[in-house]
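Visitor: quick one: sequence plus predicted model below, questions after.
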Amino acid sequence: MLAPHSKYSTRPGSVDDFPRLIRDAYRTSYFGRPGASFLDLPADFLRGPGPVGEDLKEVHPLPESPKPAGDDNQIAKAAAVLRNARAPLVVIGKGAAYARAENEVRELINATGVPFLPSPMGKGVVPDSHPSNVSSARSAAMKGTDVVLMLGARLNWIMSFGEHPKWNPEARIIQVDISAEEIGKNAGTAELGITGDIKIVVPQLLRHLNGWRWNVAGSAFSKQLRAAKDKNEATATALAQKSVVPLSYERAFEIIKRTLHSLSPAEEGGICYVSEGSNTMDISRSIFPLEHPRLKLDAGSYGTMGIGMGYAIAAHEAYNGPKAKASSGPTKRKKIVCLEGDSGFGFSGMEVETMARHKMDILIFIINNGGIYSGDSNSEAEWKERQQRTATGELGSDSLRGSTLGWEVKYEKLAEAVGGKGYFVRTSDELAKAAKEGFQADVPVIVNVIIESIWKGPIVSAAKLIGLNVH
């Protein structure tokens, strides 16, 4: 079942096969483009007699993954295209973070002065505070660029497939990817593609650029980006400062960010963020800055919901476990902070028990608007009226939508039930207090943040959908 969705999928024939197959699974996952491996370990092997401890066969440790260089002729061609660009743009994807190429990519951005746009999990490869970061002018950058250098980023839904109207249809796209299959995909320019490891390819490209630097000051593109950044950042600041009850997404995230950064400044790299849920994930991406790579996990290339709690557990083990080797930024130990939509949390919420059982001090914010994307009621009385109509089978726009969740569900109680701490908050002050105490706690914490419903459109009720299906 899992073979089509993984790079490697197998079931051992005996307990003696475990060491070899586990090694092969890790090798396949890490070599080339990273991807999932799956081992099915049958219960009768795990529980039955067999070699244990010293009796298991030894396997040789894995070497470093091979790092292929790019074709020199292709890199020379790409360098020539970049030097002639009127409005160049670098897109930094999670592949650059996987490749641990932050030093090389930072040198490229500093040497050329080209503006860059990070993907959600490419954030921090070059610090978000860098003056060439155009995240807050994303639309203007995509529409205005004429040459795009993609470093380990895919032309998928996150990047609107590189297609018009989000992108300039005349833009030439240079893809650098360790996977040849990605070259030329969607709007990519196949003849400009470079297959190779970013950590090797970027220094090759710098040599061919031979000291070239984009003329930032004399560029109309640069002026367009600056105007868009100023406008969008002013709008975002105004939204974040708007103190209302119930809170907005922007206000809630501003309070969380401000509180966490007072305890662990971004430049220290002491926080690893995990986020899921459509609105929660999308809006938070632009609000929480990263100065170091590999400190951001979200739904990724396939927009998968349900990853939040599992990713948080994995991140905690990678950074803080007894054999932790992951690194990013000066702070070795990381606080794992989850930003969860109430719908997204529902997919894997019981993993909070796993966190408590293994003494993981993970901090979870549930942004609760009472629905999938949004709720449909502005008060408890209104919600209960809709609930009653739904329960009695009344059809129409006044019953609950199929995407509606319960009214102000007390998610924080789940943390309390397994030995963690829970907070139910409505106001800015309550949220700031809970964020501070939650950050300092040594057990799992859920902060249940009630925000505005924000439902603005027409409502299709669950009862009506059922009625339509039946009749």
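Guide: Right, received. Where do you want to start?
Visitor: find the nearest non-adjacent residue to the residue nearest to the spatial centre of the chain, please.
Guide: Residue closest to the average C-alpha location in the chain (Cα atoms, centre = their mean): Asp298, at 2.7 Å. Leaving aside its chain neighbours, Asp298 sits nearest to Ser275 (4.7 Å; criterion: Cβ to Cβ, 6 or more residues apart in numbering). The C-beta positions use only the backbone N, C-alpha and C, and glycine is treated the same way.
Visitor: kindly report the same for Glu430.
Guide: Leaving aside its chain neighbours, Glu430 sits nearest to Tyr423 (7.6 Å; criterion: Cβ to Cβ, 6+ apart).
Visitor: distance of Thr112 relative to Ser379?
Guide: 55 Å (Cβ to Cβ, to the nearest Å).
Visitor: same check, this time on Asn320
Guide: From Asn320 to Ser379 the distance is 42 Å (Cβ to Cβ).
Visitor: pick out whichever of those two has more residues nearby.
Guide: Between Asn320 and Ser379, counted using other Cβ atoms under 10 Å, Asn320 has the larger neighbour count: 18 against 10.
Visitor: all strands of the stretch 1-150 of the chain, in order?
Guide: Secondary structure of the stretch 1-150 of the chain by DSSP state E, counting those that start in this stretch: the strands cover 8-10, 37-39, 88-92, 116-118, 147-151.
Visitor: for Lys334, find the nearest of the ones you listed.
Guide: Closest approach to Lys334 among the strands of the stretch 1-150 of the chain (Cβ to Cβ): strand 116-118, 19.3 Å.
Visitor: tell me the helices and strands packed up against that closest one.
Guide: Under the contact definition 3 or more Cβ pairs under 8 Å, 6 or more residues apart in numbering; DSSP states H and E, strand 116-118 sits against strand 88-92, helix 138-144.
Visitor: repeat that with 10 Å
Guide: strand 88-92, helix 94-98, helix 102-112, helix 138-144, strand 147-151 (3 or more Cβ pairs under 10 Å, 6 or more residues apart in numbering; DSSP states H and E).
Visitor: may I see the buried residues of the second one?
Guide: By that I understand helix 94-98. Under the neighbour-count criterion of 16 or more other Cβ atoms under 10 Å, helix 94-98 has Lys94, Gly95, Ala96, Ala97, Tyr98 buried.
Visitor: how about the fourth one?
Guide: Neighbour counts using 16+ other Cβ under 10 Å place Arg138, Ala140, Ala141, Met142, Lys143, Gly144 of helix 138-144 among the buried residues.
Visitor: my read: the first one touches Lys166, true?
Guide: Same thing as Arg138. Yes: between Arg138 and Lys166 there is a contact under Cβ atoms under 10 Å: 9.3 Å.
Visitor: mind listing what Val245 touches?
Guide: Shown in contact with Val245 (Cβ atoms under 10 Å, 6 or more residues apart in numbering): Arg251, Arg426, Thr427, Ser428, Glu430, Ile450, Ile451, Glu452.
Visitor: over to Thr189?
Guide: Taking Cβ under 10 Å, 6+ apart, we find Thr189 in contact with Ala78, Val81, Val147, Val148, Gly162, Ala171, Arg172, Ile173, Ile174, Gln175, Ile183.
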